[in-house]
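In: From the sequence below, what's the structure:
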Amino acid sequence: MGAKKVLVAGASGLVGYAAFKNFALNGNCEVIALSRRAPAETHGARFVSLDLLDRDACARFIEQNADITHLVFAAVHEQASVVAGWRDEDQIETNDRMFRNILDPLDRVATGLRHVTILQGTKAYGVHVRKLKNPARENRDEMHEQPNFYWRQENHLKATAKGRNWHWTIMRPVHIFGEAMGSSLNPITAIGVYAAVMKEEGRRLDFPGGAPRISQAIDSEILARAIAWAGEAEAARNEIFNIANGDVFTWENVWPAIADALGIEPGEHRPMALSSVMPGKAEVWERVRQKHALKAPPLESFVHTSFQLTDYTFRYGITEPETALVSTVKLHRAGFCEEIDTEDMFRKWFGRFQKEGLLPMPEASGPGKKRATA
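Out: Numbers count the residues shown, from 1 in each chain. The predicted model follows:
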């Protein structure tokens with residue numbers, strides 16, 4: 001089959017970081033991690049800083065790396081107002097151009113290209129604008145009438161692949177949790193900072209969201225392994241897959257475990273917009289950083305706009321309960337069956353951040369009854 005060279009675009013983001021780390025540590029291949037800002041660590045991958053909106057620079061880069069065999073396109077442009085931006089034409093057009101600027105020259109010059117993976121999500125089913133038909137299934141419940149950059153990228157991917165020797169896979173993860181500092185889409189940092197600030201102020205960890213939603217999560221490391229699997233599996237060729245941890249959860253149900261992992265007592269249900277309140281807690285976070293000698297950067301750099309996504313995920317301001325589930329049967333039948341208990345996933349990630357000095361250890365911030373594991 002020949003040497004394997006993987007290009008991961010969006011390497012500083014939640015999915016891209018997990019994907020290139022997995023390839024670099026486990027893939028027995030050459031890995032290029034591509035993004036404008038450098039990831040926290042490269043894990044042996046070659047980092048290249050590149051603006052995906054610079055068409056000429058992208059073309060030059062691809063020409064210099066014409067031996068790429070696999071592309072994982074995990075880059076995404078988000079507006080300053082993240083949730084509102086999902087329906088903005090400029091956001092759609094920008095993400096479309098970013099993808100074309102990499103795929104088009106790659107298709108022209110990479111004669112050994114074997115596979116392309118792109119990422120979508122439950123917005124493909126319109127979860128951000130309507131109630132889902134539970135469980136949402138691939139190629140049956142899509143909401144193509146709702147403008148979305150997913151459809152621009154998907155249509156271009158399929159059209160470009162016609163008559164070629166390479167194949168594609170589209171992954172549709174549910175809520176993603178993992179390690180990526182400064183990501184605009186990572187509730188782990190947002191929740192971790194919120195808990196540390198509440199503890200510093202001598203308060204309990206109130207749940208700040210709205211009405212319950214029965215939903216699903218996906219661990220970014222499982223998603224990364226699924227992406228690697230898709231790049232080689234015949235059953236994944238030219239297919240679309242939902243992916244989730246394997247169970248369902250509500251925030252209210254896992255909240256005591258989250259509080260325990262972070263070393264703080266769980267509180268009451270007190271709705272609060274984290275995106276409005278937490279930026280004003282930057283000085284409190286600075287005290288936390290100094291007191292615990294954390295490696296984490298200042299609040300804005302650490303969390304970026306993830307408080308906005310967390311408000312959305314917590315359903316702040318929503319008063320009606322809801323169920324939003326996807327079917328993962330297709331993925332399991334194709335051969336990828338890895339799962340994790342979502343409560344264990346939260347403990348794992350908070351434990352990882354604590355051990356890396358990004359969040360206070362439970363022993364330093366409160367009496368956690370169970371120790372989080374990495």
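
In: What is the least confident helix or strand in the chain?
Out: Taking mean pLDDT, DSSP states H and E as the measure, the chain has helix 82-85 as its least confident helix or strand, at a mean of 58.

In: Tell me who's in contact with G202.
Out: Going by CB atoms under 8 Å, 6 or more residues apart in numbering, G202 touches no other residue. Every C-beta, even on glycine, is put in place using the N, C-alpha and C of the backbone.

In: Domain map for this protein?
Out: If you go by automatic domain parsing, the domain ranges for the chain are 5-176+218-243, 180-216+248-325+341-365.

In: In a helix, E179, correct?
Out: No: secondary structure of E179 (DSSP: H, G, I helix; E, B strand; the rest coil): coil, not part of a helix.

In: Contacts only, for it.
Out: Counted by CB under 8 Å, 6+ apart, E179 has contacts 14, 17-18, 40, 188, 220, 349, 352-353.

In: at 7 Å instead, please
Out: E179 makes contact with 17, 349, 352, according to CB atoms under 7 Å, 6 or more residues apart in numbering.

In: Point out where the stretch 51-200 of the chain drops to low pLDDT.
Out: 78-87, 182-184 (pLDDT under 70).

In: repeat that for 80
Out: 77-89, 129, 180-185 (pLDDT under 80).

In: what are the ranges of the strands in it?
Out: 70-73, 115-119, 167-173, 175-177 (DSSP state E, counting those that start in this stretch).

In: Switch the ones you listed over to JSON lines; also include distance to N101 and mean neighbour count.
Out: Below are the strands of the stretch 51-200 of the chain laid out as JSON lines (distance: least, CB to CB, whole Å; neighbours: other CB atoms under 10 Å):
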{"stretch": "strand 70-73", "distance to N101": "11", "mean neighbour count": "28"}
{"stretch": "strand 115-119", "distance to N101": "14", "mean neighbour count": "23"}
{"stretch": "strand 167-173", "distance to N101": "17", "mean neighbour count": "23"}
{"stretch": "strand 175-177", "distance to N101": "24", "mean neighbour count": "23"}
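
In: would TSV of those with distance to T319 be doable?
Out: What follows is the strands of the stretch 51-200 of the chain, written out as TSV (distance: least, CB to CB, whole Å):
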stretch	distance to T319
strand 70-73	38
strand 115-119	31
strand 167-173	27
strand 175-177	21
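
In: Which of those strands sits closest to Q290?
Out: Proximity to Q290, assessed across these by CB to CB, is greatest for strand 175-177 (27.3 Å).

In: rewinding a little: go through the contacts of E179 and single out the one with the most neighbours.
Out: Y17 (28 neighbours; other CB atoms under 10 Å).

In: Which residues outside the helix or strand harbouring it are in contact with it?
Out: Assigned by DSSP states H and E, Y17 falls within helix 14-26. Helix 14-26 is contacted from outside by 6, 8-11, 29, 31, 33, 35, 39, 43-45, 72, 74-75, 119, 176, 178-180, 183, 185-186, 220-221, 223-225, 227-228, using CB under 7 Å, 6+ apart.
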